[in-house]
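Student: what shape does this take:
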Amino acid sequence: MPEYRKYTDEELILMFQSDDVDAFNEIVFRYKNKVVNFLYRYTGDRDEAEDLAQDTFVKVYRSKHLYKEIAKFSTWFYTIAVNTAKTNAKKKSRMSTISISDFDPENEKDFDLKDTNLTPEDNANAGIENYYIQQAINSLDEDFRNIIILRDIQDLDYEEIVKITGLPMGTVKSRINRGREKLKKLLIDIYPYKES
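Tutor: A predicted model of the protein is given here:
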């Protein structure tokens, strides 16, 4: 649908509000990789990110009438994606967990199990670096993780982040700075030393 490429995101959502499904298809085409990447950084799990991206598009489809022209489409879209990810994280935290020590009643020690399986793709240098970056992002508090992903990975401007998160500009800037400092420290701690 090359003719749809000339329209802005805002024009496409307005066309979709008038039941132009091809306009929605163009939105999906534009945002599918971006939102999967965003949600992958948020969850650390590619399959989960793809499921959440699909949920995000379903919500956009169902709530198209809620979009108002006063906001950038991307701001509205990422607000839905963030809320979808947060809701999923809350559901996961409510799920019951079993300690590994439950399977060995004679040994009272709890074991930390780490997933050391890397896919063949992850064995490339870029994949391994990405793995450590993702580990660092995952270990950030949610308040910092959201904002770092929105700013440094999705490359959204400060104003959009303010609208998506509902936080004051000063808080957004402060969390970005503090989040970057925390990431830097985490990467120094977890990334293997490489000789130059």
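Student: now stretch 47-62, how far from the centre of its chain.
Tutor: Centre-to-centre, stretch 47-62 and its host chain are 12 Å apart (CA atoms, centre = their mean, to the nearest Å).
Student: contacts only, for residue 31.
Tutor: 57, 77 (CB atoms under 8 Å, 6 or more residues apart in numbering). Glycine gets a C-beta too; all of them are placed from N, C-alpha and C.
Student: quick one: it from residue 56, how far?
Tutor: Remark: distance between residue 31 and residue 56 (CB to CB, to the nearest Å) = 9 Å.
Student: can I assume residue 136 is in contact with residue 180?
Tutor: No - counting by CB atoms under 8 Å, residue 136 stays clear of residue 180, with 10.9 Å between them.
Student: pick out whichever of those two has more residues nearby.
Tutor: When residue 136 and residue 180 are compared for neighbours, residue 136 comes out ahead with 21 against 15, by other CB atoms under 10 Å.
Student: not counting its neighbours along the chain, what's nearest the more buried one?
Tutor: Nearest non-adjacent residue to residue 136, counting by CB to CB, 6 or more residues apart in numbering: residue 186, 4.0 Å away.
Student: what's the domain layout of this protein?
Tutor: 1-97, 118-196 (automatic domain parsing).
Student: chain center to the first one, what's the gap?
Tutor: In terms of CA atoms, centre = their mean, the centre of domain 1-97 is found 11 Å from the chain centre.
Student: helices of this structure, start to end?
Tutor: 9-17, 21-43, 46-62, 73-94, 125-139, 142-148, 158-165, 169-190 (DSSP state H).
Student: those helices: which one's closest to residue 3?
Tutor: Residue 3 lies closest to helix 21-43 among the helices of the chain, at 8.8 Å (CB to CB).
Student: for that closest one, the averaged confidence score.
Tutor: For helix 21-43, mean pLDDT is 93.
Student: give the buried residues for that helix.
Tutor: For helix 21-43, a neighbour-count test (16 or more other CB atoms under 10 Å) marks 23-24, 26-27, 30-31, 34-43 as buried.
Student: which pair in those residues spans the largest distance?
Tutor: Taking CB to CB, no two of those sit farther apart than 23 and 43, at 28.7 Å.
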